[in-house]
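Participant: with the sequence up front, the predicted model follows.
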Amino acid sequence: MAKRVLVSGGAGYIGSHVSVELIEAGYDVVVADNLSNCDMTCFEGVKKITGREDIPFIKMDFCDIKAVENLFDEFKIDAVIHFAAFKAVGESVAEPIMYYKNNLESFMNLIQVAHGHGGCNVLFSSSATVYGEPDELPVTEKSPRQSATSPYGNTKQICEDILRDSVNAYVTGDSTVHIGSDRPGPIKGIALRYFNPIGAHPSALIGELPRGVPNNLVPFITQTAIGKRDCLNIFGNDYPTPDGTCQRDYIDVVDLAKAHVHAVRRMLEGKMENDYEVFNVGTGKPLSVLELVKAFEKVNGLSLNYKFAPRRPGDVVAIWADPTLANEKLGWKAERTTEQTLASAWAWEKHLADK
Ligand code: UD1
């Protein structure tokens, strides 16, 4: 029998790519999403790409603990990948309580119920934002976390801690806090710290669907190229970097999705060296905003309307990963080139325009 993986927030950008890779690797997938920040476009795309019409979809909110219980009563879950969270940095500054309530409560409900249903392997989608402005580059998993600059970033740190503490506390499998059946079990956990996920599936059937004006760089670029936006503002060209613009580690979303499959396999095959593990998921190669814009223009044969604008408050100057640990322990490595990734982002934007 195939092992079953629950993907919370599985109708979203990263969750849909992860669902495809899991199915293609032979896992059964259950997708659960409250559709608060997406519609069914990507879930329909997942079905088309995989040729699987029978993927269970549950519309639910992980803040509703009864709904989480019902889910675990209905399905035997071998591993869960948790994406269901709010993710806009600026909005989290304006609405901190909404972010803390949603992002923390949903994750605590999930762990509590999973613990009460025989235990579970839990993979948390964390972020390089936990490193803040690093003192040394590239960052390894041992690099210190810095205090978060936004409630969003803080929820990533707190959820990492919730997972670590739950793994430590429930290692024997027993406790009094579990909810659900009378067979509490251990929690094992992996946190993947993503750098900057970009691009879309090569089929152009799933990709990023930002609501309103995009905050992130690549959707803003593709929307400018297609004519939805007049001009890309490059935030800051006076940073202490080779060309004055910020440097990031842009990771192809399909490569990123594959890292999840490797991590799930490590958990399910009992290969973890510790019951709680953390991995950087990046390419290890920095790219500046300007380099990325130029690469986008070149690979897609177009010229982008952009201008330099003041620095954006809260941006770090430069961050990129040392992905050695993931390379060695997960047996995973980023494979797609920047050109392939930027071509896929553009193909997805054109696909949206055709619809
Ligand atoms: C942000 C979040 C990160 C989150 C990620 C999701 C912080 C500090 N950052 O990363 O936690 O995981 O989004 O993808 O919490 N830029 C422009 N013009 C634009 C948009 C962006 O010049 O219109 C620049 C930014 O200044 C930055 C780079 O592009 O240097 C990347 O920005 P963005 O895509 O928003 O990602 P991050 O801020 O790195």
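Facilitator: Alright, I've got the coordinates.
Participant: interface residues of the stretch 101-250 of the chain facing the ligand?
Facilitator: Taking Cβ under 6 Å from any ligand atom, the part of the stretch 101-250 of the chain that reaches the ligand is made up of 127, 129, 150, 153, 196-197, 215-217, 220, 232-235, 246, 248. In this view, the C-beta of every residue, glycine as well, is placed from N, C-alpha and C.
Participant: how close does the residue nearest to residue 332 when sequence neighbours are not counted get to residue 281?
Facilitator: Ranked by Cβ to Cβ, 6 or more residues apart in numbering and with sequence neighbours excluded, the top spatial neighbour of residue 332 is residue 262, at 4.2 Å. Here residue 262 is placed at a distance of 10 Å from residue 281 (Cβ to Cβ, to the nearest Å).
Participant: looking at these two, which one has more neighbours?
Facilitator: More crowded of residue 262 and residue 281, by other Cβ atoms under 10 Å: residue 281, with 29 against 20.
Participant: residues in contact with the more buried one?
Facilitator: 192-195, 251, 256, 259, 321, 323, 326, 332 (Cβ atoms under 8 Å, 6 or more residues apart in numbering).
Participant: run the chain-centre distance for the top helix by length along the chain.
Facilitator: The residue-count maximum for a helix in the chain (DSSP state H) belongs to helix 96-116. The chain centre lies 17 Å from the centre of helix 96-116; the measure is Cα atoms, centre = their mean, to the nearest Å.
Participant: show me what counts as buried in that helix.
Facilitator: Across helix 96-116, burial judged by 16 or more other Cβ atoms under 10 Å covers 99-100, 102-104, 106-116.
Participant: extract the CA atoms of it and return them as PDB.
Facilitator: The C-alpha coordinates for helix 96-116 follow below in PDB (Å, rounded to 0.1, in the frame of the first residue of the first chain):
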ATOM      1  CA  PRO A  96      -0.200  40.800  13.600                       C
ATOM      2  CA  ILE A  97      -3.000  39.100  15.600                       C
ATOM      3  CA  MET A  98      -4.600  37.700  12.400                       C
ATOM      4  CA  TYR A  99      -1.100  36.200  11.500                       C
ATOM      5  CA  TYR A 100      -0.300  34.800  14.900                       C
ATOM      6  CA  LYS A 101      -3.800  33.300  15.400                       C
ATOM      7  CA  ASN A 102      -3.900  31.700  12.000                       C
ATOM      8  CA  ASN A 103      -0.300  30.500  11.500                       C
ATOM      9  CA  LEU A 104       0.200  29.300  15.100                       C
ATOM     10  CA  GLU A 105      -3.200  27.800  15.900                       C
ATOM     11  CA  SER A 106      -3.500  25.900  12.700                       C
ATOM     12  CA  PHE A 107      -0.100  24.300  13.300                       C
ATOM     13  CA  MET A 108      -0.700  23.500  16.900                       C
ATOM     14  CA  ASN A 109      -4.000  21.900  16.100                       C
ATOM     15  CA  LEU A 110      -2.400  19.800  13.400                       C
ATOM     16  CA  ILE A 111       0.300  18.500  15.800                       C
ATOM     17  CA  GLN A 112      -2.000  17.900  18.700                       C
ATOM     18  CA  VAL A 113      -4.500  15.900  16.600                       C
ATOM     19  CA  ALA A 114      -1.700  14.000  14.700                       C
ATOM     20  CA  HIS A 115      -0.200  13.100  18.100                       C
ATOM     21  CA  GLY A 116      -3.500  11.700  19.300                       C
END
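Participant: which residue ranges form the helices in this protein?
Facilitator: Going by DSSP H, the chain shows helices at 13-24, 41-50, 65-74, 89-94, 96-116, 151-169, 217-226, 253-268, 289-300, 324-325, 338-354.
Participant: pull the contacting residues for residue 167.
Facilitator: Shown in contact with residue 167 (Cβ under 8 Å, 6+ apart): 186-189, 275-276.
Participant: separation between whichever residue of the stretch 51-200 of the chain sits closest to the ligand and residue 101?
Facilitator: In the stretch 51-200 of the chain, the residue that lies nearest the ligand is residue 129 (3.3 Å; Cβ to the nearest ligand atom). Distance, residue 129 to residue 101, using Cβ to Cβ: 19 Å.
Participant: thinking again about what came up before, let's see if you can find the most crowded of the contacts of residue 281.
Facilitator: Ranked by neighbours (other Cβ under 10 Å), these are led by residue 321, which has 29 neighbours.
Participant: bridged to it, which residues?
Facilitator: residue 139 (DSSP bridges).
Participant: of the residues of the stretch 101-250 of the chain next to the ligand, which is the nearest to residue 206?
Facilitator: Lowest distance from residue 206 to those (Cβ to Cβ) belongs to residue 197, with 12.8 Å.
Participant: what's the burial count for residue 66?
Facilitator: 11.
Participant: show me the contacts for it.
Facilitator: Residues counted as contacts of residue 66 (Cβ under 8 Å, 6+ apart): none.
Participant: let me know which of the helices of the chain is tucked in deepest.
Facilitator: Of all the helices of the chain, helix 13-24 has the most neighbours on average by mean count of other Cβ atoms under 10 Å, namely a mean of 26.
Participant: rounded mean pLDDT for it, please.
Facilitator: Average pLDDT, helix 13-24: 98.
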